[in-house]
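> Return atomic coordinates for the entry below.
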Amino acid sequence: MNTHPTPVLISRYAAGDAIDDATVWAIEAHLESCAACRTVLTTAVDPAARQLLDRVADGIAAGIAAGPAPARRRRLRRAGVTARILPWLATAVALMLVAVLFESTFHSMPSLVLLIAPVAPLLPVAAAWSRRTDPAWELIASMPRTGLSLLLRRTFAVLMAVVPVLAAAGGVTGHSPVRWLLPCLAFTAGALALGGLVGVDRAALGLSVVWSVGVIAPSLAGQRLPVILEAGSWPGWAAATAGLVAVLLIRAGDHSRPGIGYGQPGIGRN
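Below you'll find the predicted structure:
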């Protein structure tokens with residue numbers, strides 16, 4: 001928001017009237033840097049509510065003064081989040097190690113590395129965006145700026161942990177990076193795009209089950225790699241990845257609140 005919001009708009013914001021998310025985000029970003037508009041906001045708040053906020057602020061200030069250093073609590077909170085995601089990352093790594101061992105032992109079987117690579121990051125991504133594994137869920141659910149950007153940052157962090165493992169597995173088994181990387185990115189983008197409708201955790205789990213039942217099991221039973229994972233299939237995976245990313249960006253509003261992505265449809269949505 002390059003200009004000051006009007007007093008009427010600030011009053012509607014203070015009263016909690018229905019305002020679209022983009023406008024709310026713009027108002028709050030502007031208020032952070034504009035003392036004049038913060039003064040207007042102060043006068044627009046109901047006096048009783050302002051007194052309540054003052055009492056709450058005084059109580060928080062007293063608690064901070066009497067409690068431990070905030071930096072220590074921050075480290076503990078980050079450690080808690082990491083500790084809840086690590087088991088899922090370890091599971092993905094273990095699956096790839098088993099896949100490499102399986103492929104190195106049974107040369108006549110289809111590549112288990114290529115079969116597992118598309119869904120390898122899905123469970124860690126689901127854990128990184130699930131209310132069941134995030135101790136800060138209540139805080140995140142109340143923040144108007146949570147949404148696609150936070151989801152993408154967490155997904156990027158998961159990919160930075162999983163992709164090197166996939167690269168090592170592909171290098172050991174001699175597979176071209178495009179054969180495991182593009183399906184991996186396509187399924188990750190698909191989970192995020194579908195997650196705006198059903199929840200990221202549900203979407204990731206559903207895609208993992210569908211891929212396992214529809215592709216992995218038949219491929220192992222028939223001892224043949226499916227056509228969609230053959231060397232010439234990479235243009236299709238590249239197109240699918242680009243298309244799903246486009247859908248994710250177009251439907252970014254689906255992630256404007258974390259209620260859907262955290263497995264409770266409708267929480268925090270207008």
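
> Run the chain-centre distance for the particular helix or strand that has Leu207 in it.
Using DSSP states H and E, the element containing Leu207 is helix 200-211. Relative to its parent chain, helix 200-211 has a centroid offset of 14 Å by C-alpha atoms, centre = their mean, to the nearest Å.

> in it, what counts as buried?
For helix 200-211, the neighbour count (16 or more other C-beta atoms under 10 Å) marks Val200, Asp201, Arg202, Ala203, Ala204, Leu205, Gly206, Leu207, Ser208, Trp211 as buried. C-beta here means a position set from N, CA and C on the backbone, and glycine is covered the same way.

> all strands in the protein, in order from the N-terminus.
Counting by DSSP state E, the chain yields no residue ranges for strands.

> Return the helix or strand in it with minimum mean pLDDT.
helix 258-261 (a mean of 47; mean pLDDT, DSSP states H and E).

> Please put the alpha-carbon coordinates of the helix holding Leu207 into PDB.
The C-alpha trace of helix 200-211 is given here as PDB (Å, rounded to 0.1, in the frame of the first residue of the first chain):
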ATOM      1  CA  VAL A 200      -1.600 -30.300   2.500                       C
ATOM      2  CA  ASP A 201      -1.300 -33.300   4.900                       C
ATOM      3  CA  ARG A 202      -4.300 -35.100   3.300                       C
ATOM      4  CA  ALA A 203      -3.100 -34.300  -0.200                       C
ATOM      5  CA  ALA A 204       0.400 -35.600   0.500                       C
ATOM      6  CA  LEU A 205      -0.900 -38.800   2.100                       C
ATOM      7  CA  GLY A 206      -3.400 -39.300  -0.700                       C
ATOM      8  CA  LEU A 207      -0.900 -38.900  -3.500                       C
ATOM      9  CA  SER A 208       1.500 -41.200  -1.800                       C
ATOM     10  CA  VAL A 209      -1.100 -43.900  -1.400                       C
ATOM     11  CA  VAL A 210      -2.300 -43.500  -5.000                       C
ATOM     12  CA  TRP A 211       1.200 -43.700  -6.400                       C
END
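
> All good on my end, thank you.
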